[in-house]
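> next one to model:
(chains A and B)
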2 protein chains.
Amino acid sequence: MYNRVLLAVDLTDESIKVANKAATLCKSTGAELTIVHVIESLNYAYGGDVPIDITDIQTQLQETAKERIAILEAQLNIPLQESCITQGGIESEIHRIAEEKKVDLIIVGSHCRHGLALLLGSTANGVLHGAPCDVLAVKVTKD
Amino acid sequence: MYNRVLLAVDLTDESIKVANKAATLCKSTGAELTIVHVIESLNYAYGGDVPIDITDIQTQLQETAKERIAILEAQLNIPLQESCITQGGIESEIHRIAEEKKVDLIIVGSHCRHGLALLLGSTANGVLHGAPCDVLAVKVTKD
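Numbers count the residues shown, from 1 in each chain, chains lettered A, B, ... in the order given. Predicted coordinates:
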């Protein structure tokens, strides 16, 4: 059914639940799993108009992401094809990697949103819009 | 992984592709499949301000939907739990039935959109927004 699955994680506490579902799906369909985490580049988020040197912050974000993704990998009991950390716009990076890796399914967590975030739309909605393949949005609820 | 799957179809020519994917997923996970088609009620679509009697049109839409859903059922080689045709707002009806049937996955086709539809967003996006469970958007491309 699916051969290559791309799991996009935001590395919050709920990521493991989404990752476990991805792992189960990959096991039952025999698909290869790749994990991606996108660090939204600060330049990108603030329209390139950042008056301070943000190199240190970006490096720190990268280090934290590396540690967290290693913990996540260790918790999954399936062989991983690859995991990568990338920087840029969240949706566009996920779409780019999905095309590059020729995946046939993107799995992403779907958070309940309140207030302003509800109007802006979730990452899952953004990923769905213009995705090159199927998208599974895994409902994430805080315990 | 999933126990009850709700497949929402618009009964266009592409529905069979989405339905086949749903059937494969249900087979591999052992989930029960229910199919739903929502006839967008004309009253609903036009804000209740329809100056002519639309009963005949609605009956005709219902009949066409019944025929098409029967054809779709016949093409799937898995036991169906149920299929239902309902009337109202597309997203709200899908969410209502998903809750009523306690499904854990909604599968919906995701069309490429152009022009105005791109701005308005797809049904898949609408279904994702506020869904009570996971949503799998199956990419549909015209051959």
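
> which one's the longest helix in chain A?
Counting by DSSP state H, the longest helix found in chain A is helix A:55-75.

> contacts made by the longest strand seen in chain A with the rest, please.
Determined from DSSP state E, the single longest strand within chain A is strand A:32-40. For strand A:32-40, the external contacting residues (C-beta atoms under 8 Å, 6 or more residues apart in numbering or on different chains) are A:3-11, A:19, A:22-23, A:26, A:58, A:61-62, A:65, A:68-69, A:72-73, A:78, A:80-90, A:93-94, A:97, A:101, A:103. In short, each C-beta sits where N, CA and C put it, glycine included.

> stretch A:127-135 too?
Contacts of stretch A:127-135 (C-beta under 8 Å, 6+ apart): A:2, A:8, A:90-91, A:94-95, A:98-99, A:103-108, A:124, A:137, B:21, B:110, B:121-122, B:124-125, B:128, B:136-139.

> among those residues, which lie within helices?
Short answer: these in helices (DSSP H) are A:90, A:91, A:94, A:95, A:98, A:99, A:124, B:21, B:124, B:125, B:128.

> what residues of the helix or strand hosting residue A:28 count as buried?
Element membership of residue A:28, judged by DSSP states H and E, is helix A:15-29. Neighbour counts over helix A:15-29 (16 or more other C-beta atoms under 10 Å in any protein chain shown) mark A:15, A:16, A:18, A:19, A:20, A:21, A:22, A:23, A:25, A:26, A:28, A:29 as buried.

> for the third one, what are its contacts?
In this case it means residue A:18. A:7, A:9, A:107, A:108, A:109, A:138, A:140.

> look at residue A:12 and give its secondary structure.
For residue A:12, the assignment made with DSSP: H, G, I helix; E, B strand; the rest coil gives coil.

> lowest confidence element among the helices and strands of chain A?
Scoring the helices and strands of chain A by mean pLDDT, DSSP states H and E places helix A:116-120 at the bottom, with a mean of 56.

> which residues sit against stretch A:90-98?
With contact meaning C-beta under 8 Å, 6+ apart, stretch A:90-98 is reached by A:6, A:8, A:34, A:36, A:38, A:40, A:84, A:86-88, A:103, A:106, A:108, A:123, A:126-127, A:129-133.

> any buried residues in that stretch, and which?
By neighbour count on 16+ other C-beta under 10 Å, the buried set for stretch A:90-98 is A:90, A:91, A:93, A:94, A:95, A:96, A:97, A:98.

> mind putting those residues into CSV with pLDDT?
Formatted as CSV, the buried residues of stretch A:90-98 follow (pLDDT from 0 to 100):
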residue, pLDDT
A:90, 91
A:91, 92
A:93, 95
A:94, 96
A:95, 96
A:96, 97
A:97, 97
A:98, 97
